[in-house]
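K.L.:
make a model of this:
(one chain, ligands or ions: 1)
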Amino acid sequence: MIDILRKKRDGGALDEREIQFVARGAADGSIPVDQLAAWLMAAWIRGLSRDETRALTLAMRDSGVRFTPKNLGKRTVDKHSSGGVGDKTSFLVAPLAAACGAAVPMISGRALGHTGGTLDKLEAIPGYRTALTLAEFEAVIAKCGVSIIGQTDQLAPADRKLYALRDRTATVENPGLICASILSKKLAAGLNGLVLDVKTGSGAFLRKMEDTEFLAALMVVTAEPAGTETVALLTDMSQPLGRAAGNWIELVECVELLRGARPAWSEDLRELSLILAGWMIHLGGKAATPKAGYALAEAALTDGAGLAAFMKMVDAQGGDVSVFDDMEAFHKPGVTLKVDAWQSGYVAKMDTTALGWAVQRTGAGREKAGEPVDPHAGILFHARRGARVERGQLFATIYATHVDMLAEPVAILKAAIHFSKTPSHAVVPLVSRIITREIAENYLRNAVD
Ligand code: URA
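P.N.:
Residues are numbered from 1 along each chain as shown. I've put the predicted structure just below:
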């Protein structure tokens, strides 16, 4: 390991055998954490070439077993996001795709950096089990069409270890490490189809469009030869997605949509979820085009089939579905603070990464690995980018664990929002590009590592 560390530190390229050594050692604990942390930092600073990234992805996939369902009799599809704030589409797309006939074995992660984690959000439901055996995982998918679990000691264990360590060592924002982390889980799940939601803008890990494009292309060309049909959508993360960022409050926003509500503040979340679900349904062989998949997903949202699939999955994984009977009554934050707009103007820009840290500081995220998160903490945003607000108008509602945990999120929030005197006419599209294999190959031909 010391030779590998020295080589990477000095800018050398690691070969497949060396990369496999790192992934195996991360998974089985034979490489001490200090050396793994040093390796991550060297890889972050020096970067990983495309060959190294491919080798790391496959080695992390092979660090555990593969999910090879025997009896599903359906194409398996999934969606994964590169990470954002208020990014909760999984609770919509997974049940919607399942309701439309695809099988969705979704392996998700916990909060990472300033972004929230699907598993932490699901664990806001009392009893919900995010760690299932592979046999249980398959049984839930057979019954409900969908199951959402985390990396386990069996499935992508190298990612389980490295994911948590990256969070603690400031080594998250690197295209090679993100690609290997996301795809190792997805390829271990043996998917037929994968939709990647690659975020761009102020709340993404890679904020600049060219970096987002590179990451998207890198993931598509790495996943496809490994046997998973893959498409990447470049989507906006220049503001939180929808209204809520936290744990329970994000589930509430999704369940309201699954129940057919159409609040204006969740329109971006609804639209993006239908686009992503449309692609999943298409790759799952249930619609001839992504557009036809969108129509099927919208029908499943309207007729309650998506809601039924979601509730069935929660129940099958031990969750108490009765908490959704009165979602407001179940929500018991330690303390609530209404923050009024501190000036008048148009909401011109948001530092969405800072907003993600504000959410974490309410208690919704963790400071150290293994710490519990507060399921009831988080922030509701009452104004979108571009909106005109008047001083004194309600701008955000902060739910924190304790009164002492209010000042910091408020300060971060106030520094993260930029007002302008005049409206901006710049339109930021929700989906700016769709990257298929051909586009990805062309892109990478002209890009430098
Ligand atoms: N999601 C992951 O699973 N891994 C990353 O590195 C980023 C987002």
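
K.L.:
what's next to the helix or strand containing K338, contact-wise?
P.N.:
K338 belongs to strand 335-340 when assigned by DSSP states H and E. Contacting residues not belonging to strand 335-340 are listed as 391-403, 405-406, 410, 413 [C-beta atoms under 8 Å, 6 or more residues apart in numbering]. No exception for glycine: its C-beta is placed from N, CA and C like everyone else's.

K.L.:
and the gap between H382 and N446?
P.N.:
In this structure, H382 and N446 are 43 Å apart, going by C-beta to C-beta, to the nearest Å.

K.L.:
okay, those two: which has more neighbours?
P.N.:
H382 (18 against 6; other C-beta atoms under 10 Å).

K.L.:
can you tell me how far the spatially closest residue to that one that is not a sequence neighbour sits from the ligand?
P.N.:
Nearest non-adjacent residue to H382, counting by C-beta to C-beta, 6 or more residues apart in numbering: L394, 5.1 Å away. Using C-beta to the nearest ligand atom, to the nearest Å, L394 is found at 32 Å from the ligand.

K.L.:
also G203?
P.N.:
In terms of C-beta to the nearest ligand atom, G203 sits 13 Å off from the ligand.

K.L.:
ditto for F395
P.N.:
Distance, F395 to the ligand, by C-beta to the nearest ligand atom: 29 Å.

K.L.:
what sits against the single nearest residue of the stretch 51-200 of the chain relative to the ligand?
P.N.:
Proximity of the stretch 51-200 of the chain to the ligand (C-beta to the nearest ligand atom) peaks at S181, 3.5 Å away. Applying C-beta under 8 Å, 6+ apart, one finds that S181 lies in contact with M60, G109, D159, L162, Y163, R166.

K.L.:
again, 10 Å this time
P.N.:
56-57, 60, 80, 82-83, 109, 112, 151, 156, 158-159, 162-163, 166, 172, 174 (C-beta atoms under 10 Å, 6 or more residues apart in numbering).

K.L.:
and for I31?
P.N.:
M1, I4, F21, V22, A23, R24, G25, W39, K161.

K.L.:
that one: what secondary structure?
P.N.:
Following DSSP: H, G, I helix; E, B strand; the rest coil, the label given to I31 is coil.

K.L.:
give me phi/psi at it?
P.N.:
In terms of degrees, to the nearest 10, the main-chain angles of I31 are phi -100, psi 120.

K.L.:
confidence score at it?
P.N.:
Per-residue confidence (pLDDT) for I31: 98.

K.L.:
okay, it and K161: tell me how far apart.
P.N.:
Note on I31: its distance to K161, by C-beta to C-beta, is 9 Å.

K.L.:
quick one: common contacting residues for the two?
P.N.:
Both I31 and K161 are in contact with A23, G25, where contact means C-beta under 10 Å, 6+ apart.

K.L.:
which helices and strands does the longest helix along the chain pack with?
P.N.:
Determined from DSSP state H, the single longest helix within the chain is helix 267-283. Where contact means 3 or more C-beta pairs under 10 Å, 6 or more residues apart in numbering; DSSP states H and E, helix 267-283 is packed against strand 77-81, helix 90-99, strand 193-200, strand 229-236, helix 248-258, helix 290-302, strand 431-435.
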